[in-house]
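Q: Have a look at this prediction, sequence included:
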Amino acid sequence: MLSIHRLTRVYGDKTVLDEVSFDVRPGRMTGFVGANGAGKTTTMRMIVGVLAPTSGEVHWHGAPLTTEQRRSFGYMPEERGLYPGQKVLDQLVFFGRLHGMTTAEAKERAQSLLARLGLTEREDDLLETLSLGNQQRVQIAASLVHRPSALILDEPFSGLDPLAVDAMVSLLRDEVTPEMPVLFSSHQLDLVERLCDDLVILSGGRLVAAGSVEELQSSQDERYRIRLADQADAGALREVPGLEVLDAEDSSALVRLTTLAPEKALVAAQAVAPVVEFARVVRPLSQIFREASA
Amino acid sequence: MSTPTRPAGLWRLIATREVTTRIRDKAFIGGTLFSVVLIIGVFVVTALVSGGPRSYDVAVVEAPSGVLEGTAAYLSVGEGEPAEVNAVEVDDTAAAEGAVRDGEADVALLPTADGFELVSEDGADEVLEAALRAAIAETVTATNAQAQDVDLEALVAGSEVTARELDPRAAEAGARSAVAFGFAIVFLLTAMGFGMAISQSVVREKESRVVEILAAAVPIRALLWGKIVGNTVLALGQVVILVAVSLIGLAVTGETGLLAGLSGAMAWYVVLFVLGFVSLAALWSVAGSLASKQEDLQSTTLPGQMLLFVPYFVSVLAGEGVRVVFSMLPIVSTMVMPGRIAEGDVPLWQIAVAIASTVVAAFVFVRLGERMFERTVLRTGGKLGYREALAIRE
């Protein structure tokens, strides 16, 4: 488990990250969302040690993270970073060796990653001759080459087409071991919703929500959509005790159950008019995000 | 996870990458080849202009006995290899003139009623003419003396002039100053060229953000040392090649005397070169880490350029006293001291001071550079100044 503990970063008199704490659980994908300038990249850079925190700590399995442990992480920086003029395979081997692999080990591992990303043919090409999407695949390979103990990926999917996203996601799913925490930031909330198990939301340098996606989605009262038959006026549902009509239009209403259990609510609604639809409304992440950041 | 590489091995990986990518770089290979060709060119031109065993062709209708041999003997005085004077036998005066015009002969030597006539296209080679005149005078005098029954030896007794050189090395003074100048300019250019390469390599890693990944994986100090070592090896390798080519050039062109006299200076040059280069290398790395894009290098590398150019001009233009002082100052010593050793004897203590001061400077610069590099290499957004960088507390 990777635990962020009251991490704070101050530039001059500007606090860009204010006592942020959250956990990144092993074997799960944790999505890291927040508006631009919320402090995501700052947090990630402090986790991998390229930026010193003003205060706060990063813990690994309950104890402060050591430099050695930190260097076993895999990191993909926001603005990317590889040698444009070096051959694809050569630089993956170089990064593997920096993490203590032998040349043979690193080469074997790099070639297997490239094969799974469909880049075997390009291994002897200079990085800069690859398309941006392919460069990004190499970038993810660079963060995985040394079999990292944790993954910190800053916007790993930005700029990728859906197919490339799928390829990268399936590679990540293969690579994430049950012991490995994965933290990735993204602007693409639909993608985060699809991929991640846990969610951390930052706003203006502060933590606004953290937890599993289900927890967050059901953290507030349950909401249901009720549609009545025969154009009956859904406004009549306001008379039913134990539920609150949030919005009613024609025969359809969005309600919040205050005291009623769902099955009781259905019976109560049936009493008003025949019900053709009774469905739980799962709030999309974008809504959680908007509410949280507001 | 494999066992982590000891930090001691990490700088080596970085250095190896610096070296291997650089020696595959076409511009780098081209530049080195160009320098080698330039040096060879200097030797070829020098040999063509001044050197080599001299050889002349003299057109004669009938070679006057002993004159050409005597001329060759005069021309060979003081030369490493004997000069040659060849007779080009022709039938008559017209043929002799033709041979000179066609370039088959350098001059024609034709008998006249009073003696000889020297025919050339547009003025004979002065050295050849002087030697011919002396040889003719000698042989004719000898013949006349015999005809007059005069004892020639008695006649010329007491007229012999011998030469004694007070400073036999003075003859090579020009060549030695040239070598001294060569030492200075080669260090200036190499330190500048490789220095800029270090700065560029750092700023390129900053621009491509690869430095983030590197910094997450290895200590920043290992990055700096890898760069310093890698580029020092490259610079030294290039200088060793250039020095070797120069030594071979001296040997081939027969300047063995000069060669023997310079070997000491060359050895000290290599020592001072490494020390001087390492002291500056840290500074060049910092110049790179202060910049955020290539264009910033123009201003961030200015201190490094000044540290090379100012002393260079002072050392070239200043008088002897200033040069003695400069030859003991760090970094500058690499440009001045080997030159002084090449030009004459330098007290050993002065060499010791030069080396000691450069070692101290290397230590201070690398320490300072390390601190500034660590603080600035991960900074993004905008160029930093040296004073700002020193003031950063992390």
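A: Right, received. Where do you want to start?
Q: how about the strands in the stretch 151-294 of chain A?
A: Along the stretch 151-294 of chain A, the segments classed as strands by DSSP state E, counting those that start in this stretch run A:151-153, A:182-185, A:198-203, A:206-212, A:223-228, A:243-249, A:252-257, A:275-280.
Q: and the residue nearest to B:D151 when sequence neighbours are not counted, what element?
A: Spatial nearest neighbour of B:D151, chain neighbours left out: B:A145 (7.5 Å); criterion: CB to CB, 6 or more residues apart in numbering or on different chains. Bear in mind the C-beta positions are built from the backbone N, C-alpha and C, glycine included. Assigned by DSSP states H and E, B:A145 belongs to helix B:126-147.
Q: next SSE after that helix?
A: Proceeding N to C from helix B:126-147, the next assigned helix or strand is helix B:152-156, under DSSP H and E.
Q: Contacts only, for the closest residue in space to B:V179 that isn't next to it in sequence.
A: Excluding the flanking residues, the one nearest B:V179 by CB to CB, 6+ apart is B:A342, at 4.8 Å. Contacts for B:A342 (CB atoms under 8 Å, 6 or more residues apart in numbering or on different chains) come out as B:R176, B:V179, B:A180, B:F183, B:G261, B:L262, B:A265.
Q: Am I right that the fifth one sits in a helix?
A: Meaning B:G261. Yes: using DSSP: H, G, I helix; E, B strand; the rest coil, the assignment for B:G261 is a helix.
Q: confidence score at it?
A: With respect to pLDDT, B:G261 scores 74.
Q: so how many other residues sit close to it?
A: Other residues near B:G261 come to 19 when the count uses other CB atoms under 10 Å in any protein chain shown.
Q: now it: how far from B:V346?
A: 13 Å (CB to CB, to the nearest Å).
Q: cool, the third one as well?
A: According to CB to CB, B:A180 and B:V346 sit 11 Å apart.
Q: So those two - more neighbours on which side?
A: Legend: neighbour count by other CB under 10 Å for B:A180 and B:V346, higher for B:A180 (25 against 21).
Q: okay but the more buried one is in contact with B:M337, surely?
A: No: counting by CB atoms under 8 Å, B:A180 does not reach B:M337; the two are 9.8 Å apart.
Q: For chain B, which residue gets nearest to chain A?
A: B:R209 (3.4 Å; CB to the nearest CB).
Q: is it true that that residue touches A:G81?
A: Yes: with contacts counted by CB under 8 Å, B:R209 reaches A:G81, the gap being 3.4 Å.
Q: And those two? Which one has more around it.
A: A:G81 (22 against 17).
Q: and that one, what does it touch?
A: Applying CB under 8 Å, 6+ apart, the residues contacting A:G81 are A:Q139, B:E205, B:S208, B:R209, B:V210, B:V211, B:E212, B:I213.
Q: 6 Å - rerun?
A: By CB atoms under 6 Å, 6 or more residues apart in numbering or on different chains, the contact set of A:G81 is B:S208, B:R209, B:V210, B:E212, B:I213.
Q: helix/strand/coil for B:P338?
A: helix.
Q: ranges for the helices of the stretch 101-250 of chain B?
A: B:126-147, B:152-156, B:173-207, B:210-217, B:220-252 (DSSP state H, counting those that start in this stretch).
Q: ok, residues contacting the first one?
A: Just to be clear, that refers to helix B:126-147. Contacts of helix B:126-147 (CB under 6 Å, 6+ apart): B:Y56, B:G66, B:V67, B:G70, B:T71, B:Y74, B:L75, B:F116, B:L152.
Q: one more time with 7 Å, if that's ok
A: B:56, B:64, B:66-67, B:70-71, B:74-75, B:106-107, B:109, B:116, B:118, B:152, B:155 (CB atoms under 7 Å, 6 or more residues apart in numbering or on different chains).
Q: how much space between the spatially most central residue of chain A and chain B?
A: Closest to where the C-alpha atoms of chain A average out (CA atoms, centre = their mean) is A:G31, at 1.3 Å. Going from A:G31 to chain B by CB to the nearest CB, to the nearest Å gives 21 Å.
Q: how about the residue nearest to that residue when sequence neighbours are not counted, what does it touch?
A: Residue nearest to A:G31 in three dimensions, not counting chain neighbours: A:C196, with 3.4 Å by CB to CB, 6+ apart. In this structure, A:C196 makes contact with A:M29, A:T30, A:G31, A:V213, judged by CB under 7 Å, 6+ apart.
Q: Looking at the residues you listed, which are in strands?
A: In strands, judged by DSSP state E, the following of those are found: A:M29, A:T30, A:G31.
Q: could you list every residue that touches the last one?
A: It refers to A:G31. Counting by CB under 7 Å, 6+ apart, A:G31 makes contact with A:F184, A:S186, A:V192, A:L195, A:C196, A:L199.
Q: Show me how the record splits chain B into domains.
A: According to automatic domain parsing, chain B is divided into the following domains: B:10-47+B:173-391, B:52-165.
Q: which residues of the stretch 51-200 of chain B score low on pLDDT?
A: Across the stretch 51-200 of chain B, the ranges flagged by pLDDT under 70 are B:51-53, B:78-81, B:165, B:167-172.
Q: Recalculate using a threshold of 90.
A: B:51-194, B:197 (pLDDT under 90).
Q: How about the residues of chain A by chain B?
A: By CB under 7 Å from any CB of the partner chain, the residues of chain A that approach chain B are A:48-52, A:68, A:71-73, A:75, A:77, A:79-84, A:86, A:94-95, A:97-101, A:105, A:142, A:147, A:149.
Q: so of the residues you listed, which ones are in helices?
A: Those of these mapping onto helices are A:V48, A:E68, A:F94, A:F95, A:R97, A:L98, A:E105, A:A142, per DSSP state H.
Q: Ramachandran angles for the residue in chain A that chain B sits nearest to?
A: Residue of chain A nearest chain B, by CB to the nearest CB: A:G81 (3.4 Å). The phi/psi pair for A:G81 (degrees, to the nearest 10) reads phi 170, psi 100.
Q: Emit the ChimeraX select command for whichever of the residues of chain A next to chain B are buried.
A: Selection of buried members from the residues of chain A next to chain B for ChimeraX, criterion 16 or more other CB atoms under 10 Å in any protein chain shown:
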select /A:48,49,50,51,71,72,73,75,77,80,81,82,83,86,94,95,97,98,99,100,101,105,142,147,149
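Q: Relative to B:V203, how far out is B:Q294?
A: 6 Å.
Q: returning to that earlier point: go through the strands of the stretch 151-294 of chain A and name the closest to A:D90.
A: Among these, strand A:151-153 comes nearest to A:D90, with 22.9 Å by CB to CB.
Q: Which strands border that closest one, and is each parallel or antiparallel?
A: strand A:74-76 (parallel), strand A:182-185 (parallel) (DSSP bridges).
Q: could these be laid out in JSON lines, adding mean pLDDT?
A: Shown next, in JSON lines, are the strands paired with strand A:151-153 (pLDDT from 0 to 100):
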{"stretch": "strand A:74-76", "mean pLDDT": "92"}
{"stretch": "strand A:182-185", "mean pLDDT": "94"}
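Q: what does the stretch 101-250 of chain B have sitting close to chain A?
A: B:S208, B:R209, B:V210, B:V211, B:E212, B:I213, B:A215, B:A216, B:A217, B:V218.
Q: list the contacts for the first one?
A: Taking CB under 7 Å, 6+ apart, we find B:S208 in contact with A:G81, A:L82, A:Y83, A:P84.
Q: Mind telling me what element the residue nearest to B:V179 is part of?
A: Going by DSSP H and E, B:A342 is in helix B:332-343.
Q: Of all the strands of the stretch 151-294 of chain A, which one is nearest B:L368?
A: Smallest distance to B:L368 across the strands of the stretch 151-294 of chain A (CB to CB): 32.2 Å, for strand A:151-153.
Q: chain center to the closest one, what's the gap?
A: 10 Å (CA atoms, centre = their mean, to the nearest Å).
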